[in-house]
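Colleague: for reference, the sequence and a predicted model appear below.
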Amino acid sequence: MSETPALKPATLAVHAGRPPHEPDQPLNVPIVPASTYVAEGAKEYGRYTNDSWVAFEEALGALEGGRALAFASGQAAAATVLGLMDAESVVVAGQAYLGVVGQLADGESRRLFRTRLVDITDTEAVVAALDEDAALLWIETPTNPGMAVADLPALIAAAKQAGVRVLVDNTFATPLLQQPLALGADIVLHSASKFIAGHSDVVMGALVVAPDDELWQVFKGRRDLYGAIPGPFETWLALRGLRTLALRVERAAASAVTLTERLREHRAVDEVRYPGFGAMLAIVLPTAEAAERLTHGTALWVHATSLGGVESSFERRRRWAGESRDVPEGLVRLSVGIEDVDDLWADLSQALDNTL
């Protein structure tokens, strides 16, 4: 089947990356657990390609409007991008996932590049940071865990004018709710472990660039060289999860809106942070102790550090020593799953009552 731009994202998620519609063809690309291929063909060795990767990359690329590459993790994908920097490069970065913050600090400490941290919601400050030394603008929106939203069109336009490449971490929004390449971004990053795979059983990452961007070959060369590759079975699972992405995001986002409205009325909650779309939100409780009681007081909500699964999970982010001091001690990040919203609220509200 050939894909066309007219297909809606929900349809692409189901149909992209499938074998051709021919007699006796399977509906899904089979798992090929091969490290070695017979020589003198297009594949040669398992570090270079795999049928599962190709199918996953075709599907994710179609959703983002670009060309994708699968990686062993989101962190591996991030490291591949930062590996392009040199000692004179400045990475302008806003609030970001703790692991990425760690990579930025590590790279600067070893003088691999320089880092300039900004408030990604302060558009003027970000634009001012895009001077002649800037090589890359790293945008995460909504931010993890603060749920702040950047003005993507304005920031991307300013970076383009300054000759600065733009990376957008699209893990929280997913390509169903936000397509940065269409706005002019150069690179989209995903922790595919989260909403893309969607079932808390895969660690994977991905990068997506425009279909004709030479960066795809550069990133593939780095992946080949350093071996930052996912396994065939993990990739097959991620693609299987991606098939239901539209349904999961639609259900979870609708529940997130309902929960946001109810949380704003609960007297145990000081603040609710919801960006207006998606299945992620955060609440701020008065103290770390109250937040800990909440995260240990539920039956359905799972106390866990990851997100984007079919099950609802939450976490007090400041329990991690490296988390930004700008994150309140009592902030709890919530990842809304696909359970019945009234069951989720009953479980959450009783735990909130017990924090008072």
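Modeller: Yep, it's here. Residues are numbered from 1 along each chain as shown.
Colleague: now do the strands in the chain.
Modeller: Counting by DSSP state E, the chain has these strands, from start to end: 67-71, 90-93, 114-117, 134-140, 165-169, 187-190, 205-209, 271-273, 280-284, 302-303, 313-316, 331-335.
Colleague: contacts for the longest one, please.
Modeller: With contact meaning C-beta atoms under 8 Å, 6 or more residues apart in numbering, strand 134-140 is reached by 81, 84-85, 89-97, 100, 104, 113, 116, 120, 126, 130, 150, 152, 155, 159, 162, 164-169, 171-172, 180, 185. In this view, the C-beta of every residue, glycine as well, is placed from N, C-alpha and C.
Colleague: only whichever of the residues you listed are buried, select them in PyMOL.
Modeller: Filtering the contacts of strand 134-140 down to the buried ones (16 or more other C-beta atoms under 10 Å) takes a single PyMOL command:
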select buried, resi 81+84+85+89+90+91+92+93+94+95+96+97+100+104+113+116+120+126+130+150+152+155+159+164+165+166+167+168+169+171+172+180+185
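Colleague: now, the contacts of strand 134-140 that are in helices?
Modeller: Mapping the contacts of strand 134-140 onto helices (DSSP state H) picks out V81, V100, L104, V126, L152, L155, A159, A162.
Colleague: that older thread, any chance of the strands of the chain in TSV, plus distance to E40?
Modeller: Below are the strands of the chain laid out as TSV (distance: least, C-beta to C-beta, whole Å):
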stretch	distance to E40
strand 67-71	25
strand 90-93	42
strand 114-117	45
strand 134-140	39
strand 165-169	37
strand 187-190	34
strand 205-209	30
strand 271-273	56
strand 280-284	48
strand 302-303	50
strand 313-316	48
strand 331-335	47
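Colleague: could you dump those strands into TSV and include distance to P23 and mean pLDDT?
Modeller: TSV is the format used below for the strands of the chain (distance: least, C-beta to C-beta, whole Å; pLDDT from 0 to 100):
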stretch	distance to P23	mean pLDDT
strand 67-71	29	98
strand 90-93	52	98
strand 114-117	56	98
strand 134-140	46	98
strand 165-169	42	98
strand 187-190	35	98
strand 205-209	32	98
strand 271-273	53	98
strand 280-284	44	98
strand 302-303	45	98
strand 313-316	44	98
strand 331-335	43	98
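Colleague: span of stretch 293-311 from start to end?
Modeller: Start to finish, the residues bounding stretch 293-311 are 20 Å apart (C-alpha to C-alpha, to the nearest Å).
Colleague: so how far is that stretch from its chain's centroid?
Modeller: Centroid separation for stretch 293-311 versus its chain: 19 Å, with C-alpha atoms, centre = their mean, to the nearest Å.
Colleague: so what touches that stretch?
Modeller: Residues outside stretch 293-311 that contact it (C-beta under 8 Å, 6+ apart) are 171, 193-200, 248, 279-280, 285, 312-316, 320, 332-335, 337-339, 343-344, 347-348, 350-352, 354-355.
Colleague: check what pLDDT A6 gets.
Modeller: For A6, the pLDDT comes out at 84.
Colleague: what's the burial count for it?
Modeller: By other C-beta atoms under 10 Å, 6 other residues sit near A6.
Colleague: before we move on, what about K220?
Modeller: Neighbours of K220 (other C-beta under 10 Å): 16.
Colleague: so who does it touch?
Modeller: Counted by C-beta under 8 Å, 6+ apart, K220 has contacts L69.
Colleague: what about it, distance to A78?
Modeller: To A78, K220 is 16 Å away according to C-beta to C-beta, to the nearest Å.
Colleague: for E3, report the pLDDT, please.
Modeller: Listed pLDDT for E3 reads 48.
Colleague: got it, and the one 10 residues further on?
Modeller: A13 is assigned a predicted lDDT (pLDDT) of 98.
Colleague: show me what contacts it?
Modeller: Contacts for A13 (C-beta under 8 Å, 6+ apart) come out as A59, L63, L176, L242, R243, T244, L245, A246.
Colleague: so which of those are in helices?
Modeller: Judged by DSSP H, helices contain the following of those: A59, L63, L176, L242, L245, A246.
Colleague: distance check, the nearest residue to the fifth one once chain neighbours are set aside against L300.
Modeller: What sits nearest to L245 in space, not counting adjacent residues and going by C-beta to C-beta, 6 or more residues apart in numbering, is A13, at 5.0 Å. From A13 across to L300, the span is 27 Å (C-beta to C-beta).
Colleague: residues in contact with stretch 100-111?
Modeller: Residues from elsewhere that reach stretch 100-111 (C-beta under 8 Å, 6+ apart): 75, 78-79, 82, 85, 87, 91, 93, 96, 113-115, 117, 138, 140, 169, 322, 324.
Colleague: what are the buried residues along it?
Modeller: Judged by neighbour count using 16+ other C-beta under 10 Å, the buried positions of stretch 100-111 are V100, V101, Q103, L104, G107.
Colleague: could you dump the residues you listed to TSV with distance to V29 and pLDDT?
Modeller: Formatted as TSV, the buried residues of stretch 100-111 follow (distance: C-beta to C-beta, whole Å; pLDDT from 0 to 100):
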residue	distance to V29	pLDDT
V100	31	97
V101	36	96
Q103	32	98
L104	36	98
G107	36	98
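Colleague: export these to TSV and tack on distance to V269?
Modeller: Shown next, in TSV, are these (distance: C-beta to C-beta, whole Å):
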residue	distance to V269
V100	28
V101	27
Q103	33
L104	32
G107	38
